[in-house]
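Visitor: Only the shape, not the letters, is given here:
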């Protein structure tokens, strides 16, 4: 495994663009939690905190769909600095609006601007890996490496956010996130040799299958709905953890707990993704989302921070395997020419589910308390499992009718921790490849 990663990092320019992308991507794991901590502490309202954080996530999901297409057309070096600058200005404006007690409408406008302009760094760095890789094995190793980086980001981000918020100042994590986003983005944009060629307009000019919406591929709508449920797990669990920690008198513990969630996910992803499973992908999605629901059952009954930390770590181990299965099945369901769009539908489902879970959990915390809020992650995972179960026949038929694609280019930005697509096959290759 280490050899695979060393080979990936030996590709021309790989260490430079991967490290700068790490810096630029770290704010993804800081800003949403920073918004929740800032607003809940300033106003005492988890509902408002959840709505503002959800608005940011929705803006990021919608903006990512548009800006990623522009990036493909004009190149990263031209668009990335402007996006990063707008993103930082939006975050600074949001903090200023909160600190000067501006109306909620003003705060919403600022946070929408920040979300819409958030650079899809994960998309960009994976596109660079695909441009630099010389063969499928190098590309697979590169994507595996990026999956680990994703988990590292979501391990460090919440810890750094909690430390800065409670030891330095509540607005500080958001401002630090703005600085990191600009710094990392500028360094990444400066590396022109490793950026993919700007060829979007040429590709779009050709006729063919890519003009047909990927959503019309059998099973993709089901995957988008299932990912909506999994995204709801992440958003509702984050707000519930913050509220639980504050009620327990240990607000700084929220960063540690959410970091343990990501560490557990990383361990589960490394174990699951490193092995070849012969269970069909549709059944994997059904079983793993069901497992995710099961491991979330204890959360509403936990009464102490240490027990919540242990429960969260164990539950996190089921997160990455569920994501691997969902993204891998999405790869199987869409034609190769529409892979980016197909993954975007799934990833957008995760992002929208995350935002909805954040908003609803805030309302439930204010109205009913954290125990009831912790029921939401279980319900979201169960909904994803029910969707996959109900669609087994359709998903199995659609997956069986399409050959397993080679390691795919994931141009979509991950809103939550988890390995990227292409980490697992549900049956061994038949063409002699590994």
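Guide: Nice, I can see it. All values derive from a computational prediction rather than experimental measurement.
Visitor: and the helix or strand hosting residue 399, which residues are buried?
Guide: Here residue 399, judged by DSSP states H and E, is contained in helix 392-400. Judged by neighbour count using 16 or more other C-beta atoms under 10 Å, the buried positions of helix 392-400 are 395, 398, 399. The C-beta positions use only the backbone N, C-alpha and C, and glycine is treated the same way.
Visitor: which helices and strands does that helix pack with?
Guide: Helix 392-400 sits against helix 281-295, helix 319-333, with contacts defined as 3 or more C-beta pairs under 8 Å, 6 or more residues apart in numbering; DSSP states H and E.
Visitor: Give the residue spans of the protein that score low on pLDDT.
Guide: Residues of the chain that meet the criterion pLDDT under 70 lie in 1-5, 134-144, 147, 151, 199-217, 273-275, 335-344, 401-434.
Visitor: can you give me the strands in it?
Guide: With strands called from DSSP state E, the chain shows none.
Visitor: show me what contacts the closest residue to residue 177 other than its chain neighbours?
Guide: Closest residue in space to residue 177, ignoring its immediate chain neighbours: residue 27 at 3.4 Å, by C-beta to C-beta, 6 or more residues apart in numbering. By C-beta atoms under 8 Å, 6 or more residues apart in numbering, the residues touching residue 27 are 157, 176, 177, 178, 180, 181.
Visitor: let's see 6 Å
Guide: For residue 27, the contact set (C-beta atoms under 6 Å, 6 or more residues apart in numbering) comprises 177, 180, 181.
Visitor: about what we covered before: out of the helices and strands packed on helix 392-400, which comes closest to residue 363?
Guide: Ranking the helices and strands packed on helix 392-400 by proximity to residue 363 (C-beta to C-beta) places helix 281-295 first, at 21.6 Å.
Visitor: Can you give the distance of that closest one from its chain's centre?
Guide: Here the centre of helix 281-295 is set off from its chain's centre by 19 Å, with C-alpha atoms, centre = their mean, to the nearest Å.
Visitor: relative orientation of that helix and helix 319-333 in degrees?
Guide: Put simply, helix 281-295 runs at 160 degrees to helix 319-333, going by axes from the mean of the first three to the mean of the last three C-alpha atoms, to 10 degrees.
Visitor: ok, residue 279 to residue 288 distance?
Guide: 10 Å (C-beta to C-beta, to the nearest Å).
Visitor: my bad, should have said residue 49
Guide: As defined by C-beta to C-beta, residue 49 lies at a distance of 30 Å from residue 288.
Visitor: now swap in residue 72 and tell me
Guide: Distance of residue 72 to residue 288, computed by C-beta to C-beta: 32 Å.
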